[in-house]
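Student: Quick one, structure for this:
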Amino acid sequence: MGRILALVAVPFVVLIAATLLAIALVRFVGDWRLGIDPFTPTLQRPRLPLAELAARGVVTDALRQGLMALLVVALAAWACRSAGPGAVWARLGFAAPAIPRASTRRLLWLLPLWPLIHIAWVTATAAALQVNFAQGVRISPFLSPSMVALWFAFVVLLAPIAEELLLRGEVYARASRFLGPAATIVTTALIFCLAHIGLEPAPRNANAFHALARPLTLLPLALTLGWLRWRTGRLWPCMLLHAWSNLALVVYQIGPGLR
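Tutor: Sure thing, here's the model as predicted:
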């Protein structure tokens, strides 16, 4: 039980630490750039333009992913401090597995099929839960072109890399030490889904399942990513499928809003 609790605690501690650091850095740097004392009490702070607030949100998200990746590599390095060279990359799934696994080339057939599978599941789940989580998503009109580009990079590159390093890298390595392959895949998938529970206030007309909509839509992806990690013994196929899945879903969601 202690190992399970530690296994669940590690990713959430990393996520919270990276989030708090990112918020603090963005606030300090942003306030310094605007000539505002970052220690000014909240009630005395000047109102920021909507474009500034939107940009800070995007930069915070992107910075959080970078900090998460650094923290994960640091955790892996600490765990492998007494091991030989290359142990960190082997732990995170970047080195070739000691026992040959399935060829990664054979798994490329999953890429053209996955957007159809994932979008169908997201749409069906959103409809079943009566949640507006499929199409009709719009990018904030207050974001500059550079911030829109950063947001796309966050969704398609930074988030998949950082989240896979954390879940299918470090957490997978910890779980596989005392759990079998199936339990490791399911455990990392559940942690992945729980980490995506929305904490923002729900809309007025939202039902009781609003907070669970996103985790449920991610469950097939989470299980597939864990299976890929076990089947290939490598992390990069997980990053590739995660990035491809995010890109396909974003295009599907915001496509109608661009017409």
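Student: Residue 46 - how many residues pack around it?
Tutor: Burial of residue 46 is recorded as 10 neighbouring residues (other C-beta atoms under 10 Å). Backbone N, C-alpha and C define where each C-beta goes, glycine included.
Student: Equivalent analysis for residue 166, please.
Tutor: Close neighbours of residue 166, defined as other C-beta under 10 Å, add up to 27.
Student: list the helices and strands the longest helix along the chain packs on?
Tutor: In the chain, taking DSSP state H as the definition, the longest helix is helix 2-34. Under the contact definition 3 or more C-beta pairs under 8 Å, 6 or more residues apart in numbering; DSSP states H and E, helix 2-34 sits against helix 50-79, helix 172-175, helix 181-194.
Student: Just the mean pLDDT for the second one, thanks.
Tutor: In this model, helix 172-175 carries a mean pLDDT of 95.
Student: quick one: the helices in the stretch 151-259 of the chain?
Tutor: Shown for the stretch 151-259 of the chain, the helices assigned by DSSP state H, counting those that start in this stretch span residues 159-164, 172-175, 181-194, 210-232, 236-254.
Student: Residue 149 is nearest to which of these?
Tutor: Evaluated with C-beta to C-beta, these place helix 236-254 nearest to residue 149, the distance being 13.1 Å.
Student: which residue of this protein sits farthest from its center?
Tutor: Most distant residue from the mean C-alpha position of the chain: residue 44, 34.6 Å away (C-alpha atoms, centre = their mean).
Student: Let's see the pLDDT reported for that residue.
Tutor: For residue 44, the predicted pLDDT is 87.
Student: ok, now which ones touch it?
Tutor: Neighbour list for residue 44: empty [criterion: C-beta atoms under 8 Å, 6 or more residues apart in numbering].
Student: where's it relative to residue 36, distance?
Tutor: 10 Å (C-beta to C-beta, to the nearest Å).
Student: so where is the stretch 151-259 of the chain shaky, pLDDT-wise?
Tutor: Residues of the stretch 151-259 of the chain meeting the criterion pLDDT under 70: 198-211, 255-259.
Student: please redo it, this time with the cut-off set to 80
Tutor: For the stretch 151-259 of the chain, the stretches with pLDDT under 80 are 198-213, 255-259.
Student: For residue 92, grab phi and psi.
Tutor: Backbone torsions of residue 92, given as degrees, to the nearest 10, read phi -90, psi 0.
Student: for it, what are its contacts?
Tutor: By C-beta under 8 Å, 6+ apart, the residues touching residue 92 are 72, 73, 76, 165, 169, 170, 173, 235.
Student: Would you format the residues you listed as TSV with neighbour count included?
Tutor: Output for the contacts of residue 92, formatted as TSV (neighbours: other C-beta atoms under 10 Å):
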residue	neighbour count
72	24
73	16
76	21
165	27
169	28
170	23
173	19
235	22
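Student: CSV for those residues, including distance to residue 3?
Tutor: Below are those laid out as CSV (distance: C-beta to C-beta, whole Å):
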residue, distance to residue 3
72, 19
73, 22
76, 17
165, 21
169, 18
170, 14
173, 13
235, 22
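Student: Nearest to residue 99 among those?
Tutor: Of those, the one sitting nearest to residue 99 (C-beta to C-beta) turns out to be residue 173, at 15.1 Å.
Student: Name the residues of the longest helix of the chain that are buried.
Tutor: Across helix 2-34, burial judged by 16 or more other C-beta atoms under 10 Å covers 7, 10, 11, 14, 15, 18, 19, 21, 22, 26, 30, 31.
Student: which residues touch the residue lying closest to residue 242 once chain neighbours are set aside?
Tutor: Excluding its sequence neighbours, the residue lying closest to residue 242 (C-beta to C-beta, 6 or more residues apart in numbering) is residue 160, at 3.7 Å. Applying C-beta under 8 Å, 6+ apart, we find residue 160 in contact with 239, 242, 243, 246.
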